[in-house]
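Peer 1: got a predicted structure here, sequence first:
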Amino acid sequence: MATAATMNGQHAFGPVLSALATMSSNADRSQKTEAHNWLEKFQKSEEAWTSTFAILQSQQAADEAKLFAATTLKGKIVFDFHQLPRETLPQLRDTILSLLATFAKGPKPIRTQLCVCLANLAIQMLEWKDVLPMVVSTLGSDQSSIACVFEFLHVLPEEVTEGRKINLAEDDLINRTRELLEDNAQQVLQLLIQYAQSTPEAAKNPQLMDCITSWIREIPLNDIVQSPLMEVVMGALQSDSSFDAAVETLCAIFKETREVDENVDTIKALYPRLAQLQPRIKACADEEDWETFKGVTRVFAEAGEAWVVLIAREAQQFRAMVECVLECCLRDKEREALSQTFNFWYELKQYITLDRYMEARIQFVDVYSKLVDIMIGHLEYPTPESGNENDLFDGDREAEDKFREFRHQMGDVLKDCCEVIGVTECLQKSYVQVEQWVSQYGSQASAGNVPHWQKLEAPLFSLRAMGRMVPPDENIMLPRLIPLIVQIPDQEKVRFQAVMALGRYTEWTAQHPNTLQDQLNFIMAAFQHSSKEVVKAAALSFKFFCNDCAELLKGYMEQLQQFYEQVIDSLPPTSQEEVTEGIASVLAKQPLESLYSSLKLCCDPVVQRLMSMAQTATEKEQKLAIADRLNLITIFLQEVKPYVEPSKPHPAVQYCQEIHPILAAICERFVTFTPIVERVCRCWRHMVLSYRIHTAPLLPELADKLAAGFTASRQGCFLWATDSIVREFSDVSEYVDASTIEAVYAFYEQQATAFLRALNDLPPEELPDVIEDFFRLSTDVLMYHPTRLIGSPLMAPILSAASTSLTLLKEEPLIATLHFLRDFLQYGTEDMPSSTFEPDGQYRNRANPPETQDAVKRLTATEGDHLTQRCLTGMMYTFPADCFPDASGVLLALFQLLPREVGQWTGKTVAMLPAGSIAPQEQERLLRNIGQRIESGEVRKIRTLLQDFTNGYRRRNVAPREGLGRLEAGRFRFAG
């Protein structure tokens, strides 16, 4: 094949190199796109088989071109193996082996790709039975090519177990896996031992470690641990060249021992070897060899994670290893390795806090106690070398962001410690450190100058981090801590943590009202701070105080309203929302007789400011500010919703009626600006959700505005708001009459008609959110008005719109559409998809009227062909993974309604697949199996058949760049 390749591939040589040169040159974008498309087409062509070998064997081609050729060859073997006659496979194998000998010394990327080629050929060439002996005899005799043997051994298990693009029958794949891996395991073990013992350098070869790692799942683990290889792995940890690879190998071994009861002997053999590493913790820290220190920490942490249940059972025996992990945390001055231990501390906490492991908890209480001190120490901000307190990380913003995120992870470890040793002891440690700072440096602090503030800020952060773990009835440390916190000196980061910490203990404050005044004064004073971060912290803590202490604050509504009016305009949008939520929490506690006046008092300034902004807004930033301000009104409506008897008017609805014309006017003026329109619709939606049937007087005006808004803007938010009306006003009751329900359904049909017109005018890719909102709305209408909707002339175009919508790639609209289709098809069966509450206290599915069942079957007979095609095409090519259950559910429902017709539609769809993407025998087998299931009445099993078929097809094929041909969806048309 090599000679033939050189001769036959030479004609394609020039164009390939020319296209590759264009891709790496400074050519313009159109030329690069053209070259890229040409190369993609070349890779799929049959001539690529010969051209790749010609390039690989050429003396003129550069390494980049040869790497492209090797990568292309891998793709051909994986995806286009069917293009080769079986009799040419031995020649292909021999050529790849010859090329591997040529590239034995490098370049490594080319050698790796050729090894992957050989591995994938070995998987699919079922007649090649002596894979390992042939590779070893061909490439292992020469010392220079031994690297190829190791690389092949490294990639073979990965390609067999993880390479799921191979087009083999499941039984063939299982048998081939056994032949290549299980049957060769002992031979590979002896080969690795023999090589490791050949020379001292061989024992330190990183490739040897990589091979051991790859074969750990194939060779019985105890065989490796009890063999000379284990000493080799431990010895490799002492060499710089093999250290990283040896760490990977050790950690892979630990992961295989997670089932501790099955690996007790293996763990007992590994544990003493692990103890040999302990002196390296101090040595690496003293030498400041932080990369090695990181690897050593990882070894101890991953061993601990793997054996955690054994540690909990035999705490005394494994205490030394836990102390090693603790020492790693203590000595990590650079804080680079620390995070590798966090999961271990969490897993160990999960076990030792169980009653059955109480003895282990007692054993490790002192360890977790020391861990608290270590973590608080690591929480400290660095002291800048430049002395510039405004630049703690010397201009490295990435390091600063990383440190901030890292602190929250350490905060999680502190929470774990609270569960083990108790919150009181943890709080006491923070308290002691705050007190120590006060005694040492408190007298030196002055305005703008807080010495060694890092040592004060860190324990304050720890208090904040542990807040969630502290019960509201804690009466030992918090009565001492809270008065201390409100007196801390004013340094930006210290003040920030103090304010945030107080916000964490508001549930405690609600039960200790004597501390509320000082805390609230401290928080409200922080709104005047020069630091924006402190002001943001104050807004968040204020929200928590109002939420949790609303009962204590409800008598101070007037003062709070005045404070709200003073600060609201000076805050950023997020803080405005937080403060508004706080005020609304207190407002919700007001008596009903004064609720209207209190709500008006708080909201009127917001509405007035909104009106003045709307009159002058022309720039985008001004319009966004209006959207933010609208959200404040929505927050009030969400939070202030006390229960009022359905027969009585709701005071909040009285205020909603006052502001509705203002909201409608703003919506009309800015109907083309999406953020404002969405916020207005959100406000309207929450009016209905919060006050329910009390909003009936608003319905006529609200429906008019929603219909006009959707027609004018084609924004899905109008449908989203419409859905709230459908949900609330679709059941006849003493408060909702039949005429109202009729009007609500007519309102839906109006919105549906507008949606169908929009989809007629625009492709679905431009309307994903509208499609999602429409089908969520339609699913609810189908539940409340099934007979009306299924019998409506709009139902057929809605189903056609659903077919068109299934061409989208976005998950949310797809799932909404599929849910609608599943519910619709369920109405063709005996039972409705929704249940009803019966007088005997049971939920039961309601029966579908025969005329409804017949109507669904007629509609399905008309639209089912397209639905089947779209669902199958989506499952084979375009649907996100989370859509598969619902898509297969739609197909099952179709088969349950019209089994023979859907079987024919399935065959028609499969026949449209691109040529070469499916073997004729596979197509025939699928259709035969479907037919058998239909004949035997086992329709439910068809769902599994289709899932297996589409999963297998999808892992072997990608959507053609030139499109899906006959499977492409047509354009949606609506003439209504």
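Peer 2: Looks like it arrived, so ask away.
Peer 1: for residue 843, grab phi and psi.
Peer 2: phi -90, psi 130 (degrees, to the nearest 10).
Peer 1: typo on my end, residue 591
Peer 2: phi -60, psi 150.
Peer 1: how far away is residue 206 from residue 293?
Peer 2: Per CB to CB, to the nearest Å, residue 206 is found 20 Å from residue 293. For glycine as for every other residue, the C-beta is placed from the backbone atoms N, C-alpha and C.
Peer 1: next, the buried residues of the strand or helix carrying residue 404.
Peer 2: Assessed by DSSP states H and E, residue 404 sits inside helix 397-421. Neighbour-count burial for helix 397-421 flags 400, 403, 406-407, 410-411, 413-421 (criterion: 16 or more other CB atoms under 10 Å).
Peer 1: now stretch 422-430
Peer 2: Neighbour-count burial for stretch 422-430 flags 423, 425-430 (criterion: 16+ other CB under 10 Å).
Peer 1: contacts for the helix or strand harbouring residue 365?
Peer 2: In this assignment (DSSP H and E), residue 365 forms part of helix 358-378. If you take CB atoms under 8 Å, 6 or more residues apart in numbering as the criterion, helix 358-378 is touched by 311-313, 315-316, 319, 322-323, 326, 329-330, 332, 335, 338, 345, 348-349, 351-353, 410, 413-414, 416-417, 420-421, 425-426, 429-430, 433, 458-459, 462.
Peer 1: gap between stretch 18-28 and the chain center?
Peer 2: 37 Å (CA atoms, centre = their mean, to the nearest Å).
Peer 1: sorry, back to before: what about residue 206 and residue 293, which has more around it?
Peer 2: Neighbours around residue 206 and residue 293, counted as other CB atoms under 10 Å, are more numerous at residue 293. The numbers are 25 against 18.
Peer 1: nearest residue to that one in space, please, no chain neighbours.
Peer 2: residue 284 (3.9 Å; CB to CB, 6 or more residues apart in numbering).
Peer 1: out of the contacts of helix 358-378, which sit inside strands?
Peer 2: Using DSSP state E, no member of these falls in strands.
Peer 1: picking that back up, of all the buried residues of stretch 422-430, which comes closest to residue 796?
Peer 2: Nearest to residue 796 among the buried residues of stretch 422-430, counting by CB to CB, is residue 423 at 63.6 Å.
Peer 1: element containing residue 832?
Peer 2: strand 831-837.
Peer 1: for residue 80, grab the count of nearby residues.
Peer 2: Applying other CB under 10 Å, I find that residue 80 has 17 neighbouring residues.
Peer 1: what of residue 284?
Peer 2: 21.
Peer 1: what distance do you get for it to residue 296?
Peer 2: If you go by CB to CB, the gap between residue 284 and residue 296 works out to 6 Å.
Peer 1: what does residue 581 give?
Peer 2: 48 Å.
Peer 1: ok, then the element right after the lowest-mean-pLDDT helix or strand in the chain?
Peer 2: Least confident helix or strand of the chain, by mean pLDDT, DSSP states H and E, is helix 2-23 with a mean of 65. Using DSSP H and E, the helix or strand that follows helix 2-23 towards the C-terminus is helix 29-44.
Peer 1: C-alpha coordinates for that following helix, PDB please?
Peer 2: This file holds the C-alpha atoms of helix 29-44, laid out as PDB (Å, rounded to 0.1, in the frame of the first residue of the first chain):
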ATOM      1  CA  ARG A  29     -10.600  35.400   5.700                       C
ATOM      2  CA  SER A  30     -12.500  34.300   2.500                       C
ATOM      3  CA  GLN A  31      -9.400  32.500   1.200                       C
ATOM      4  CA  LYS A  32      -8.900  30.700   4.500                       C
ATOM      5  CA  THR A  33     -12.600  29.700   4.600                       C
ATOM      6  CA  GLU A  34     -12.300  28.400   1.000                       C
ATOM      7  CA  ALA A  35      -9.100  26.400   2.000                       C
ATOM      8  CA  HIS A  36     -10.800  25.100   5.100                       C
ATOM      9  CA  ASN A  37     -13.800  23.900   3.200                       C
ATOM     10  CA  TRP A  38     -11.600  22.300   0.600                       C
ATOM     11  CA  LEU A  39      -9.600  20.400   3.300                       C
ATOM     12  CA  GLU A  40     -12.700  19.200   5.000                       C
ATOM     13  CA  LYS A  41     -14.100  17.900   1.700                       C
ATOM     14  CA  PHE A  42     -10.700  16.300   1.000                       C
ATOM     15  CA  GLN A  43     -10.700  14.500   4.400                       C
ATOM     16  CA  LYS A  44     -14.000  12.800   3.500                       C
END
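Peer 1: just how off-centre is the next helix or strand after that helix within its chain?
Peer 2: Downstream of helix 29-44, the next assigned helix or strand under DSSP H and E is helix 48-57. Chain-centre distance of helix 48-57: 41 Å, with CA atoms, centre = their mean.
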